[in-house]
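**Q** Have a look; sequence and predicted model below, questions after that.
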2 protein chains.
Amino acid sequence: MDDRVRRHAELLVDHCLEVTADDDVLVIGSQNATPLVTALYGVLGERGATPMGQLHDERARRAYQKAVDPENVSTSAPRLAAMEAADAVVLISSTTNPYETMGVSDAVKTEIDDAHRPILDARLDNRWVITVHPTAGGAYRARMGTDAYRSFVYDAVDVDWEHQRRRQQRVADIIDAGETIRIQCGRTDLTMSIADRTALNDDATRNMPGGEVATSPVVESVEGTAQFDLPFFYRGDRIEDVTLTFEDGVVVDCAAGDAQDAMDRLLERDAGARRLGELGIGMNRGIDRATTNTLFDEKMAGTVHLALGFGFTECLPDDQKPNQSDIHTDMLIDLRSDSLLTIDGDPIIEDGNFWFEGE
Amino acid sequence: MDDRVRRHAELLVDHCLEVTADDDVLVIGSQNATPLVTALYGVLGERGATPMGQLHDERARRAYQKAVDPENVSTSAPRLAAMEAADAVVLISSTTNPYETMGVSDAVKTEIDDAHRPILDARLDNRWVITVHPTAGGAYRARMGTDAYRSFVYDAVDVDWEHQRRRQQRVADIIDAGETIRIQCGRTDLTMSIADRTALNDDATRNMPGGEVATSPVVESVEGTAQFDLPFFYRGDRIEDVTLTFEDGVVVDCAAGDAQDAMDRLLERDAGARRLGELGIGMNRGIDRATTNTLFDEKMAGTVHLALGFGFTECLPDDQKPNQSDIHTDMLIDLRSDSLLTIDGDPIIEDGNFWFEGE
């Protein structure tokens, strides 16, 4: 076995989930993730924990989705029961083709998302982590050779997370104390209030790799224009170069070129889909390029991401609720050149660099 | 997709499990079974049922088994919960290497079997079927080329099961009415009582392919010698050419050559492991060769199999209990030449042929 796969498994089990001998651990992945699944079974066995493997195969899912009548979609009772009975969950993304569900009806996708909601809620009540196993398909998506992509993934995963946490805390402290964020870059000029908001410091416990600082802005305070220049996938469609205009926190204009239909469907999903749930700041210098995979791209130092859809209760005072929605779709703004992000007027990122990186 | 994979999936969903739109169906297999899993997801979607995929990977299992301390083995709560929540279960065997668990300690294997027992019991309370997806590894095990092996499997699966059921019922009726079975072939000369026993007619509802007639003999009545000449795998060991001697229903002598250790461990598992739970008669003429896979070999016309371990409650009068054990290990006697199987003195199989095949 590649030592890096073993190391990846150890980080997931020990750093992310702090697994002990009493734990039942659900390992969810496709057949492409077999090397990591096998390594996880070994590490979980060493810790005395009990693994269960759940198959999440994109082609099988497509076969189901193409065949099923929307009115017959329902919550999988065994999946819900397994999720509720588990103590900890590893979700392994090892997509080989992100277009796989293209052409499946939106009605079916929405019914499936709705039916999945209780399972998602049950997962959020467990310890959980999402990660990637690098495959040839993932390398293709990243526009890299497979070996180079594998090195890219493991370099981003196997870092000193305590050092990274301390580095990120400098930005988190400023968000905790700050009032207003302004982002300027190209056509982007966006402001939002973060008054009373606290920051999440992502040191790779729920996402591996981690490396971002995030909060949920005051929903109705978002004003201005944001240009999202890094591509992402939504329900089997590739979406690139989207410009959104916000007034009083609501998207009032969306220009998305070839992806206009897909973006319109996303925005019309529910009332919360036109509002922001998250502002995140990527701070992981180990991720040095975009790979069309949000789990990595959103951590890249020199990018920020805004998520349409539901926000984070943990970031708000007890008497306030975050934005409510069934979706949470991250979209990226590339600040790596000619950019400025300020909090209360103080530069945090300038031309892609954090203020302290020049110290 | 190979039309035969699709047809296999339809038979599992419709013939074996009679799936309806309300059903939650658990599909358990390894990554090698992906084509059949994908076909099943499509057919289940068409029927309005909801699939859940559970990963059963032999290399991952070995990694866990080699790593875990026996005292930390416990029943997987999520697996038990999923099994209890499911309405129907498809177990797909797609072993690529039956030696995979060789070298894992017997203590761990026994703890795992014990921990699995509640999950097994929960499955037996559901509708369930066990089948095979043909792989290159399965072909190797069968000593066939992969394409030829695939044809062998699908020829055994896609048959007229109603016709097969009627054919088998002729033997089942004789078992229902009969008192004593005697089997003679080579060193084998074995008698047992089937008084008050009824037969199971396997028309491929719980095994796909099916094709046997079985019962649980009167435990203490088994007398004589049985030579098992077809090889099988037990816990990662290949076992071949075993001779067992029964007195008053108990194995009093076992000669197993290279597999002596493995057979001794099997017999010492518990008190019921030295006693017979099943006598089965293979009647599937579509299976024309042994492939070191019990699911197929035991259905082959011209073979009988005896299982050490637990018997079938359904075959006994209400006031009697079958043999009790944690194991159920099928072993085959090849009657395809120079053989005689009689019930109450009447020939049922002679030199490999059923009496009615000469009519």
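**A** The structure has been received and is ready for your questions.

**Q** And the pLDDT for residue A:288?
**A** You'll see residue A:288 listed with a pLDDT of 91.

**Q** My guess is it contacts residue A:300. True?
**A** Yes. Between residue A:288 and residue A:300 there is a contact under C-beta atoms under 8 Å: 7.4 Å. C-beta coordinates here come from the backbone N, C-alpha and C atoms, glycine included.

**Q** Of those two, which one has the most company?
**A** Neighbours per residue (other C-beta atoms under 10 Å in any protein chain shown) separate residue A:288 from residue A:300, with residue A:300 holding more: 27 against 12.

**Q** Now do the more buried one against chain B, distance only.
**A** Applying C-beta to the nearest C-beta, to the nearest Å, one obtains 31 Å for the distance of residue A:300 from chain B.

**Q** Ok, residue A:250 next?
**A** According to C-beta to the nearest C-beta, residue A:250 stands 36 Å off from chain B.

**Q** Next, the contact list for the closest residue to that residue other than its chain neighbours, please.
**A** Nearest non-adjacent residue to residue A:250, counting by C-beta to C-beta, 6 or more residues apart in numbering or on different chains: residue A:274, 5.2 Å away. Applying C-beta atoms under 8 Å, 6 or more residues apart in numbering or on different chains to residue A:274 gives the contacts A:250-251, A:267, A:308.

**Q** if we go to 6 Å?
**A** With contact set as C-beta atoms under 6 Å, 6 or more residues apart in numbering or on different chains, residue A:274 has these partners: A:250-251, A:267.

**Q** Please dump those residues into CSV; it should also carry secondary structure for every row.
**A** Output for those, formatted as CSV (DSSP: H, G, I helix; E, B strand; the rest coil):
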residue, secondary structure
A:250, strand
A:251, strand
A:267, helix
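
**Q** what does the stretch 151-300 of chain A have sitting close to chain B?
**A** For the stretch 151-300 of chain A, the contact set with chain B under C-beta under 6 Å from any C-beta of the partner chain is empty.

**Q** sec struct for residue A:184, please.
**A** Classification of residue A:184 by three-state DSSP places it in strand.

**Q** so what's it bridging to?
**A** Going by DSSP bridges, residue A:184 is paired in beta bridges with residue A:189, residue A:340.

**Q** Pretty sure it sits against residue A:340.
**A** Yes. Counting by C-beta atoms under 6 Å, residue A:184 does reach residue A:340; the two are 4.8 Å apart.

**Q** Now do the domain split for chain A, please.
**A** Per automatic domain parsing, the domain ranges recorded for chain A read A:3-157, A:161-358.

**Q** centre of the chain versus the shortest one, how much separation?
**A** Looking back up the chat, that one is domain A:3-157. 13 Å (C-alpha atoms, centre = their mean, to the nearest Å).

**Q** ends of that domain, how far apart?
**A** End-to-end distance for domain A:3-157, by C-alpha to C-alpha, to the nearest Å: 13 Å.

**Q** now swap in stretch A:17-31 and tell me
**A** Distance across stretch A:17-31, first residue to last, is 23 Å (C-alpha to C-alpha).

**Q** tell me the contacts of the closest residue in space to residue A:39 that isn't next to it in sequence?
**A** Spatial nearest neighbour of residue A:39, chain neighbours left out: residue A:9 (3.7 Å); criterion: C-beta to C-beta, 6+ apart. Counting by C-beta under 6 Å, 6+ apart, residue A:9 makes contact with A:39-40, A:43.

**Q** Chain B contacts on the stretch 1-150 of chain A?
**A** A:21, A:24, A:26, A:31, A:34, A:37-38, A:41-42, A:45-46, A:48, A:50, A:52-53, A:55, A:59-60, A:63-64, A:67-68, A:72, A:74, A:76-79, A:81-82, A:85-86.

**Q** what about the strands in the stretch 251-359 of chain A?
**A** Secondary structure of the stretch 251-359 of chain A by DSSP state E, counting those that start in this stretch: the strands cover A:276-282, A:303-309, A:328-334, A:339-343, A:346-350, A:353-354.

**Q** quick revisit: list buried residues within the contacts of residue A:274.
**A** A:251, A:267 (16 or more other C-beta atoms under 10 Å in any protein chain shown).
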